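Undergrad: below is the sequence, then the predicted model.
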Amino acid sequence: MPLASYALGVMEASVYAPEVFARGLPASLRVEAQPEDRTTAVPAADAAAPVLSLQGIGLSFGGVVALAEIDLSVRPGEIRAIIGPNGAGKSSLINVISGVYRADRGHVRLDGASYAQVPTQRLAHLGVARTFQNLALFKGLSVLDNVASGLAYRVRSNFAGQVLGIGRSRGEQRDFLSRADQILEFLDLTAIRHRLVGTLPYGLQKRVELARALVARPRLLLLDEPMAGMTAGEKSEMAAFVRAARDHFATTVVLIEHDVGVVMGLSDRIAVLDYGRKIADATPDEVRNDQRVIDAYLGVASNDEALSLDEGRAGI
């Protein structure tokens with residue numbers, strides 16, 4: 001792919017989808033330092049410390065309480081699910097973690113550093129990546145370009161160098177495309193690397209978005225309903241890819257998902273929200289048998305959710 005094509009693709013992304021860059025892909029392509037690659041193992045000295053912890057998080061919108069005194073910790077290498085009925089505050093919590101919202105009260109701690117509001121423009125540098133409830137891909141770009149855009153924060157060459165293909169931009173291009181290709185292979189997307197994303201089925205677009213989040217090898221991956229709208233087979237595949245990403249890249253995962261069966265089969269621990277309050281926080285088996293959770297959520301699940309819960313017990 002010509003370098004000018006890649007550079008203009010990144011420009012198109014920043015111009016036509018600024019909200020995406022504001023929530024995880026910084027608009028500025030110039031950085032002071034290039035972060036080291038994430039290793040595939042958590043250092044022993046850091047193994048006991050939470051990757052993420054929330055302390056007394058409170059958030060309201062015009063007098064309506066979205067989150068009330070939420071405490072949460074996420075251990076290195078675990079898959080941590082957040083579930084609850086519609087309007088329970090799940091997406092609001094993810095938006096606080098990623099800096100889209102500033103909490104009215106409380107702090108977010110990432111790798112020991114405390115924030116009243118996480119700086120979204122530094123999110124990638126902090127080792128955090130996320131996907132969105134609604135697809136935030138660049139439909140007019142190829143799969144490869146979409147995934148490579150997840151490394152935009154690492155660009156150090158100037159605009160002229162990118163367009164003309166001179167200086168350090170050549171090495172950056174080779175590096176970015178090589179990293180993107182590795183992730184495409186990992187997620188079994190190599191065969192469609194040059195397809196325009198807008199021409200792909202919805203399930204594959206969801207997988208491309210996961211690839212873009214993973215290409216920077218984040219330590220913490222935030223997934224906001226990554227399986228929404230998928231078929232049962234696609235959900236099973238996506239769950240396997242999420243688990244594989246955790247195992248292969250030592251990525252810690254925070255997952256919001258409505259399919260209770262998938263959550264039960266995939267997660268190490270589950271926090272349950274109801275009307276902005278945390279009503280349970282335990283292992284899948286403990287949550288499944290918690291009467292408060294049954295009354296607030298599982299007891300009113302639809303037939304499809306009940307079926308998927310049984311599938312989750314079978315080990316999705």
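TA: It's in.
Undergrad: make it CA atoms for all contacts and neighbour counts henceforth
TA: Will do.
Undergrad: just checking, next helix/strand downstream of the helix or strand of the chain with the lowest mean pLDDT?
TA: Ranked by mean pLDDT, DSSP states H and E, the weakest helix or strand in the chain is helix 18-22, scoring a mean of 35. Remark: after helix 18-22, the chain's next helix or strand is strand 52-61, criterion DSSP states H and E.
Undergrad: in the following helix or strand past that next one, what counts as buried?
TA: In the C-terminal direction, the helix or strand that comes right after strand 52-61 (DSSP H and E) is strand 64-74. Within strand 64-74, the residues that qualify as buried are Ala66, Leu67, Ala68, Glu69, Ile70, Asp71, Leu72, Ser73, Val74, counting by 16 or more other Cα atoms under 10 Å.
Undergrad: give the other helices and strands that the helix or strand following strand 64-74 contacts.
TA: Sequence-wise, the next helix or strand downstream of strand 64-74 (DSSP H and E) is strand 79-83. Here strand 79-83 is seen to pack against strand 252-256, helix 260-266, strand 269-274 when contacts are counted using 3 or more Cα pairs under 8 Å, 6 or more residues apart in numbering; DSSP states H and E.
Undergrad: what packs against the helix or strand just after strand 79-83?
TA: Scanning forward in sequence from strand 79-83 by DSSP H and E, the next helix or strand is helix 90-97. If you count contacts as 3+ Cα pairs under 8 Å, 6+ apart, helix 90-97 packs onto strand 64-74, strand 220-224.
Undergrad: how about the ones you listed in JSON lines, adding distance to Ala271 and mean pLDDT?
TA: JSON lines is the format used below for the helices and strands packed on helix 90-97 (distance: least, Cα to Cα, whole Å; pLDDT from 0 to 100):
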{"stretch": "strand 64-74", "distance to Ala271": "8", "mean pLDDT": "95"}
{"stretch": "strand 220-224", "distance to Ala271": "14", "mean pLDDT": "95"}
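Undergrad: how about TSV for these, with distance to Thr252 added?
TA: Listed next are these as TSV, based on distance: least, Cα to Cα, whole Å:
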stretch	distance to Thr252
strand 64-74	8
strand 220-224	5
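Undergrad: so which of the ones you listed gets nearest Arg122?
TA: Closest approach to Arg122 among those is made by strand 220-224 (13.6 Å; Cα to Cα).
Undergrad: parallel or antiparallel, which strands does the closest one pair with?
TA: If you go by DSSP bridges, strand 220-224 pairs up with strand 128-130 (parallel), strand 252-256 (parallel).
Undergrad: worst mean pLDDT among those strands?
TA: For the strands paired with strand 220-224, the weakest mean pLDDT is recorded on strand 128-130, namely a mean of 92.
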